[in-house]
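[1] have a look at this prediction, sequence included:
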Amino acid sequence: MQPLNEQQVIANLRQRDDASDRYYAAWWIGKMRSQHPEAVPLLLDTLSALNDDPVDEDDRGVALNAIRALGLLLNPAAHDPLMQLLGSKDYSVREEAARSLGAMKTKEAIPQLCQLLSGGPAAAGREQVGASTLKEPCEALLEALGNIGVNNPDVVAVITPFSAHPRPLVRAAACRALLQLMKEQRWANELEQLLQHPEPLVRRGVLLDLGASGWTAALPAIEDASVEASLKLVALRGLAEQSDDIKVLDVMDRLL
């Protein structure tokens with residue numbers, strides 16, 4: 001089977017008969033950072049299905065992939081549509097929209113992101129009865145604020161209470177954001193402590209947070225972490241993308 005080319009992928013996203021082809025096409029466009037002139041309009045068009053009542057599950061899956069792809073393409077045309085999705089009733093839609101807005105560093109989204117986190121761990125971060133999710137997708141919202149990178153007292157005041165959240169990955173997301181915004185060693189220290197957590201999934205998540213933070217002083221902690229080398233390389237790549245410190249490349253070489 002021949003691999004799909006860009007023209008075929010665009011055609012697959014445009015058609016409405018095969019949801020699986022559309023799902024893959026939305027993923028492909030983001031993965032390959034397609035600059036086809038129809039890519040962003042077609043991705044945005046998939047979002048209209050989220051307004052249906054009820055929402056078709058296949059169309060929802062396509063739309064979620066489109067939201068992720070828009071965050072990778074970094075096209076300003078997606079800013080307003082993604083900000084509108086922060087008001088969705090669908091938890092996963094709010095989560096993916098927040099991640100993409102963070103990746104796009106959409107400063108205009110900061111008030112909405114902060115509003116969703118308002119009330120702190122007792123409100124936005126409250127456990128939901130009978131569900132594994134919190135009231136809001138706090139990890140994604142916190143990470144978005146850190147990635148956008150606007151360090152002002154109001155944003156810091158919203159994020160800081162989550163550094164004491166009962167869930168370690170929410171704490172890590174808050175510490176990562178605060179480290180990105182404030183550049184203070186204490187938040188790196190908190191992350192390095194969480195890197196000693198007994199749960200492998202927590203250690204993996206914290207490792208990626210350290211990499212995304214751009215804090216090169218965490219290099220020894222990343223190298224020594226009880227996490228598989230392949231994931232360490234992902235975290236180190238995140239550091240390397242934000243720093244010209246040759247020590248990052250040295251550690252990567254040792255792991256390869």
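    Perfect, thanks for sending it. Numbering: from 1, shown residues only.
[2] ok, now how distant is residue 217 from residue 10?
    44 Å (C-beta to C-beta, to the nearest Å). The C-beta positions use only the backbone N, C-alpha and C, and glycine is treated the same way.
[3] looking at the two, which is more packed in?
    Taking neighbours as other C-beta atoms under 10 Å, residue 217 and residue 10 compare with residue 10 leading, 19 against 11.
[4] is it true that the more buried one touches residue 25?
    Yes. Between residue 10 and residue 25 there is a contact at 7.4 Å, judged by C-beta atoms under 8 Å.
[5] and the helices in the stretch 101-250 of the chain?
    Assigned by DSSP state H, counting those that start in this stretch, the helices in the stretch 101-250 of the chain fall at 110-116, 138-148, 153-159, 168-182, 185-194, 200-213, 219-224, 229-242, 246-255.
[6] can I see the domain layout of the protein?
    The chain is divided into the following domains under automatic domain parsing: 1-73, 193-256.
[7] output these as JSON lines; include the columns mean pLDDT and distance to residue 132.
    Output for the domains of the chain, formatted as JSON lines (pLDDT from 0 to 100; distance: least, C-beta to C-beta, whole Å):
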{"stretch": "domain 1-73", "mean pLDDT": "96", "distance to residue 132": "18"}
{"stretch": "domain 193-256", "mean pLDDT": "94", "distance to residue 132": "13"}
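[8] same list (these) but as TSV, adding distance to residue 110.
    Shown next, in TSV, are those (distance: least, C-beta to C-beta, whole Å):
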stretch	distance to residue 110
domain 1-73	16
domain 193-256	18
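[9] hey, which helix is longest across the protein?
    helix 57-73 (DSSP state H).
[10] pull the CA atoms of that one into PDB?
    Provided in PDB are the C-alpha atoms of helix 57-73 (Å, rounded to 0.1, in the frame of the first residue of the first chain):
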ATOM      1  CA  GLU A  57     -18.900  10.200  18.100                       C
ATOM      2  CA  ASP A  58     -17.100   9.700  14.800                       C
ATOM      3  CA  ASP A  59     -17.300  13.400  14.000                       C
ATOM      4  CA  ARG A  60     -16.200  14.200  17.600                       C
ATOM      5  CA  GLY A  61     -13.100  12.100  17.100                       C
ATOM      6  CA  VAL A  62     -12.200  13.900  13.900                       C
ATOM      7  CA  ALA A  63     -12.700  17.200  15.600                       C
ATOM      8  CA  LEU A  64     -10.500  16.300  18.500                       C
ATOM      9  CA  ASN A  65      -7.700  15.400  16.100                       C
ATOM     10  CA  ALA A  66      -8.300  18.600  14.200                       C
ATOM     11  CA  ILE A  67      -7.900  20.600  17.400                       C
ATOM     12  CA  ARG A  68      -4.600  18.900  18.100                       C
ATOM     13  CA  ALA A  69      -3.500  19.500  14.500                       C
ATOM     14  CA  LEU A  70      -4.300  23.200  14.700                       C
ATOM     15  CA  GLY A  71      -2.100  23.500  17.700                       C
ATOM     16  CA  LEU A  72       0.800  22.100  15.700                       C
ATOM     17  CA  LEU A  73       0.200  24.300  12.600                       C
END
